[in-house]
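Student: I would like to see how this sequence folds:
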Amino acid sequence: MFASSGTFPMRFVDRLLHQSGIPLTRRQFWLYAGVYWGFFGIISYWQSTMVWWITPNSRMYYVESLVWLLQLLYWWGATPFIVWLAQRFPFHNLHRLRGLFKPVTVHFLALSGLSFVQFSVVYVLTTPAYLYESGQAITIRSMLVAFFFNFSNSFAQYLLLVAGYSIIAYIYRFQALSQRHLQTELANEQLKSQLSNAQLQALKMQLNPHFLFNTLHTIVSLMVRNQPRLAIDMVTALSDLLRGVLAHQHENFLSFRLELQLTRQYLAIQQIRFRDRLTIEYDIEPVVEPCLVPSLILQPLVENAITHGIADLTTDALIRITAREHEGRLLISVFDNGWGIIRSTTRKGGGLGLSNTLSRLQQAYGDAGQLRFDQPHTGTTTVTISFPVVAGVPLPQSYDTVSNPVD
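Tutor: Numbers count the residues shown, from 1 in each chain. Take a look at the predicted model:
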């Protein structure tokens, strides 16, 4: 904000600078105005001196220097008014004569008035001095001749000031708008990122209670069937799993090695439940272990394979987890030899985990994140997710916060 104290001219200058958006102090404004008018004043003074010097039988009176100084101070002091006119009547719509007529007329009349006042002030202040030094009075006619003779130069200097100010103000206004646009874009990107993170967290919050409630129900069933040893083992395995999940609850991406360890903890709980009926196989390429994957992306696939695939098998249930890299994409597959996720989903109304998995893939990778079902007539099911490989940094051993699963 411009200053609210000081004389009216000072407050007027502060208001002009504030409205223009040009980062100048009041002192800098007057300094640059002095440089501008001083440049033309020096040229004018040099021009007058040379004319008097090369003209025979003529000399330059001291009052001529006073005239030059008064003109310089007058236009220097009139600069705020000229800048105000440039703000108030800018040259818009230059391609249309109609839009050009008003500002040209206003500035022409303003310059005429300023020039007339200038010559009137100079006439009143310098006539006594000129009469004293030369013995001759300055006539009104000679002042009018000088007025019209110098009008073109004054008009050029006036328009140059108006045009220069307009260009500089436009540049700073454009930079301010560009900066504001950049800040808006940055804020939008941050909001998108926050929204994306919030959506990912919401999807994960849908996943975690899903298997948690099933596990707690199994623990209760074991206690009811008077199997406390198995119930204790399952509680221990569940606490290890939850400890690992909570350790990375604020991370949207984990290395595949850590993600696989979390899944092993989950499968350790299921092996207690299924005992000898469940066999788990792993086919993991070592090269994919440091790759980054969305956290808790594998566990829902395994849970669906168990819930909708092998849950009704009384023997020889098999789950195989495969992970490999192919042409810059990470392919993770979960195979089960049950009677089919799609048929089971239709029958039982499940599948929330897989739906959320697909949503999370699309949230993280867009169209590059894919989920595919392979379900031959034999009844087995393979669910494969694939997405671009994102290499992670090698993880130190201390970073492994998930304890080894029960085999």
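Student: in the strand ranked longest in the chain, what's buried?
Tutor: For the chain, the strand that runs over the most residues, judged by DSSP state E, is strand 317-326. The neighbour-count check on strand 317-326 (16 or more other Cβ atoms under 10 Å) flags Ala317, Leu318, Ile319, Arg320, Ile321, Thr322, Ala323 as buried. Where C-beta positions appear, they are placed from N, C-alpha and C, glycine not excepted.
Student: so what's the fifth one up against?
Tutor: The reference is to Ile321. By Cβ atoms under 8 Å, 6 or more residues apart in numbering, Ile321 lies in contact with 260, 263, 280-284, 298, 302, 332-335.
Student: what's the helix or strand for Val124?
Tutor: Here Val124 is covered by helix 97-134, with elements defined by DSSP states H and E.
Student: burial of Thr184, as a residue count?
Tutor: If you count neighbours by other Cβ atoms under 10 Å, Thr184 ends up with 10.
Student: ok but it is inside a helix, no?
Tutor: Yes - under DSSP: H, G, I helix; E, B strand; the rest coil, Thr184 sits within a helix.
Student: tell me, what's the model's pLDDT at it?
Tutor: pLDDT for Thr184: 77.
Student: over to Thr382. Which of the three states is it?
Tutor: Assigned by three-state DSSP, the conformation of Thr382 is strand.
Student: just the buried residues from the contacts of Ile321, in PyMOL please.
Tutor: Restricted to buried positions by 16+ other Cβ under 10 Å, the PyMOL selection for those reads:
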select buried, resi 260+263+280+298+302+332+333+334+335
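Student: so which strand or helix has the residue lying closest to Leu16 once chain neighbours are set aside?
Tutor: Computed as Cβ to Cβ, 6 or more residues apart in numbering, the closest residue to Leu16 that is not its neighbour in sequence is Val83, at 5.4 Å. Using DSSP H and E, Val83 sits in helix 79-88.
Student: shouldn't Phe335 be within a strand?
Tutor: Yes - under three-state DSSP, Phe335 sits within a strand.
Student: and it, bridged to which residues?
Tutor: The partner list for Phe335 in beta bridges (DSSP bridges) reads Arg320, Thr382.
Student: equivalent analysis for Leu331, please.
Tutor: Note on Leu331: beta-bridge partners by DSSP bridges are Arg324, Ser386.
Student: which stretches in the protein count as strands?
Tutor: 253-255, 278-284, 292-294, 317-326, 329-336, 370-374, 381-388.
Student: Thr79: which of the ones you listed is closest?
Tutor: Checking the strands of the chain against Thr79 by Cβ to Cβ gives strand 253-255 as the closest, at 60.3 Å.
Student: one step back: now the helix holding Val124: buried residues?
Tutor: Pro103, His107, Ala110, Leu111, Leu114, Ser115, Gln118, Phe119, Val122, Tyr123, Thr126, Tyr130.
Student: in this protein, what helix or strand scores lowest on average pLDDT?
Tutor: Lowest mean confidence among the helices and strands of the chain (mean pLDDT, DSSP states H and E): helix 341-348, at a mean of 44.
Student: residues in contact with the spatially most central residue of the chain?
Tutor: By Cα atoms, centre = their mean, the mean C-alpha position of the chain lies nearest to Leu186, the distance being 1.0 Å. By Cβ under 8 Å, 6+ apart, the contact set of Leu186 is empty.
Student: can you check Phe81 too?
Tutor: Leu114 are the contacts of Phe81 under Cβ under 8 Å, 6+ apart.
Student: pLDDT score assigned to it?
Tutor: Here the pLDDT value assigned to Phe81 is 90.
Student: distance check, it against Leu31.
Tutor: Separation of Phe81 from Leu31 (Cβ to Cβ, to the nearest Å): 18 Å.
Student: where do the helices sit along the stretch 201-350 of the chain?
Tutor: 228-247, 256-274, 299-305, 341-348 (DSSP state H, counting those that start in this stretch).
Student: of all those helices, which one is nearest Asn356?
Tutor: So among the helices of the stretch 201-350 of the chain, helix 299-305 is nearest, using Cβ to Cβ, at 6.6 Å.
Student: who are the packing partners of that closest one?
Tutor: On a contact count with 3 or more Cβ pairs under 8 Å, 6 or more residues apart in numbering; DSSP states H and E, helix 299-305 meets helix 140-224, helix 256-274, strand 317-326, strand 329-336, helix 341-348, helix 352-365, strand 381-388.
Student: how about a markdown table for the ones you listed, with distance to Trp52 added?
Tutor: Converted to a markdown table, the helices and strands packed on helix 299-305 look like this (distance: least, Cβ to Cβ, whole Å):
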| stretch | distance to Trp52 |
| --- | --- |
| helix 140-224 | 15 |
| helix 256-274 | 91 |
| strand 317-326 | 90 |
| strand 329-336 | 87 |
| helix 341-348 | 104 |
| helix 352-365 | 83 |
| strand 381-388 | 82 |
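Student: run a quick neighbour tally on the residue nearest to Leu114 when sequence neighbours are not counted.
Tutor: Using Cβ to Cβ, 6+ apart and skipping the chain neighbours, the partner closest in space to Leu114 is Ala78 (5.8 Å). As a burial measure, Ala78 scores 18 neighbours (other Cβ under 10 Å).
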